[in-house]
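# Make a model of this:
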Amino acid sequence: MKVRVHHVHLFASDLDASIAFYQRWFHGEVLADEVYAGARNVMMAIGDGRLNFYDQAPRDHGRNAVHHIGIQTDDLPQLIDQMTAGGIEFRKPITGTPGVGYVMAEGPDGVLLELFEAHEDQLTGGPRDWFAW
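Numbers count the residues shown, from 1 in each chain. Purely as a prediction, here's the structure:
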């Protein structure tokens, strides 16, 4: 089973200013800029890591500007089974859109984790590029 940190999901009170900041200082490359799951999302590569900006102001500054850490796997049901057996609780079953299934779990110190599996052959446009291994 493959697992990797795929992205950190950030709220952005001024999405275009956030994009410009990360492009200027860290050579960020916009991979996709589109509406996904009901809101404008921008996926940006910085090296081989990703930032996923969500067009919504953060509830607070600092750590509250980070929505979740996205962890990608190629076998989400297996990962959920292993974590459940280890005492991790999931409030909801796998949900998502065609080609992408995810669950949310709480990590240490209340850090929100998105565990997901993407099937590139079922995706088009930006999401296909976002989740490519």
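# now the helices for this structure?
15-26, 76-85, 125-130 (DSSP state H).
# mean pLDDT lowest for which of those helices?
Ranked by mean pLDDT, those end with helix 125-130 at the bottom, a mean of 81.
# For it, list every residue counted as buried.
Buried residues in helix 125-130, counted by 16 or more other CB atoms under 10 Å: 126-128, 130. Placement of C-beta: from N, CA and C, glycine included.
# Out of those, which comes closest to Y22?
Distance to Y22 across the buried residues of helix 125-130 (CB to CB) is lowest for W130, with 15.9 Å.
# Bridged to the residue lying closest to that closest one once chain neighbours are set aside, which residues?
Nearest residue to W130, sequence neighbours excluded (CB to CB, 6 or more residues apart in numbering): M43, at 4.6 Å. Beta-bridge pairing of M43 under DSSP bridges involves A32, N52.
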